[in-house]
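Engineer: the following comprises the amino acid sequence and a computationally predicted model.
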Amino acid sequence: MRIVFMGTPDFAEASLQKLIDERFSVIGVFTQPDKPRGRGMSMSFSPVKTLALAHQIPVYQPETLRDGKALEKLKEWNPDILVVVAYGRILPDELLSLPRFGAINVHASLLPKYRGAAPIQWAVLNGDPVTGVSIMYLAHEMDSGDVIKTSETEIGEKETSGELFERLKHMGAQALVDSLREIEAGTAQRYPQDGAKASYVSMLDKSMAPIDWTKPAKLVLKQIFGLQPWPVATMTLGGTTLRVFDADLCEKHTNRTPGTVLAADTSGIEIACGNGEVIRVTQLQAPGKKRMSAADYLRGHPIDGVK
């Protein structure tokens, strides 16, 4: 089976690596154009391009998919199937319909829940106990195609989005190769999604970073873990904005206003949340400094009136 792979970031790289390791015939790769990165703003390759070139796989980087050139390239390569993983663009219908087996996608949620961008982060932010990956056929409407296979996993109590990302990218890669084998053998099943149960999520942005202390403690914790590695949750102490990386639930209640610092000692900084609940911040980062324990921060920045 001749495969054209379409993807860009490291989540997609894991799937491409798995295809290479399992000796699938990847005849070409579509990836986003090179972009300037770093302080020097030098042009750098995407993880998918870097991997493809290392294995002598032809790479195509169109600026657009709608001027006919991408379609011509695809006709030239003549794939049996498209594999799309975090490519970063919506594919026109004429590209989806060209290969005889169509196009399939690795999506990091249990569809139809969390269609759209950042499903991994939103699963953590919303405090979901379980998430997973879905392998689906691509259709005209975003993330609406028939599902071939799903794989579930529990979300750890203090698992960050970054940690979950690392697990799901490998789960997705395995589910992908299993699905491709079933498609090639003619045994793959198609399960239509229930559109009435669909939910959509958006990309994260920096406006989400300030902690909303009016939320219940569990959701405050999930904000802290869900916004790692980016944009990272923040709180303000003494006029300084601090990035928050770790915290625990305190087995106590308070009638103080959410956001009030209740205690600050060697165990951390206790802060009131919604519903009278309390969390203890244990790891943070001050501007221009390295991550440190809250206790280490307090040694140089004591909080007046709090013990």
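Structural biologist: Alright, I've got the coordinates.

Engineer: quick one: pLDDT of the spatially most central residue of the chain?
Structural biologist: Closest to where the C-alpha atoms of the chain average out (C-alpha atoms, centre = their mean) is Ile120, at 4.3 Å. Ile120 carries a pLDDT value of 98.

Engineer: gap between the host helix or strand of it and the chain center?
Structural biologist: Using DSSP states H and E, Ile120 sits within helix 119-125. Centroid separation for helix 119-125 versus its chain: 7 Å, with C-alpha atoms, centre = their mean, to the nearest Å.

Engineer: going forward, the N-terminal residue is numbered 37.
Structural biologist: Shifting the count to begin at 37 puts that one at helix 155-161.

Engineer: which neighbouring elements make contact with the helix or strand just after that helix?
Structural biologist: Next along the chain after helix 155-161, taking DSSP H and E as the criterion, comes strand 166-173. Strand 166-173 sits against strand 139-143, helix 155-161, strand 183-190, helix 197-221, with contacts defined as 3 or more C-beta pairs under 8 Å, 6 or more residues apart in numbering; DSSP states H and E. Every residue, glycine included, has its C-beta placed from N, CA and C.

Engineer: and the angle from the shortest one to strand 166-173?
Structural biologist: Same thing as strand 139-143. Strand 139-143 runs at 170 degrees relative to strand 166-173, counting by axes from the mean of the first three to the mean of the last three C-alpha atoms, to 10 degrees.

Engineer: could I get strand 139-143 in CSV with only the CA atoms?
Structural biologist: Output of strand 139-143 as CSV, limited to C-alpha atoms (Å, rounded to 0.1, in the frame of the first residue of the first chain):
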residue,chain,number,x,y,z
ALA,A,139,-7.6,9.6,3.7
ILE,A,140,-7.4,8.7,7.4
ASN,A,141,-6.4,10.8,10.4
VAL,A,142,-5.0,10.4,13.9
HIS,A,143,-7.0,12.5,16.3
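
Engineer: direction included, what does it pair against?
Structural biologist: strand 117-121 (parallel), strand 166-173 (antiparallel) (DSSP bridges).

Engineer: who's in contact with the last one?
Structural biologist: Put plainly, it is strand 166-173. By C-beta atoms under 8 Å, 6 or more residues apart in numbering, the surrounding residues in contact with strand 166-173 are 138-147, 155-156, 159, 179, 181-191, 200, 204, 207-208, 211-212, 215, 226, 229.

Engineer: the stretch 187-336 of the chain: strands as residue ranges?
Structural biologist: Counting by DSSP state E, counting those that start in this stretch, the stretch 187-336 of the chain has strands at residues 236-237, 270-273, 276-289, 297-301, 304-308, 313-321, 328-329.

Engineer: lowest average confidence, helix or strand, in this structure?
Structural biologist: Lowest mean confidence among the helices and strands of the chain (mean pLDDT, DSSP states H and E): strand 71-73, at a mean of 76.
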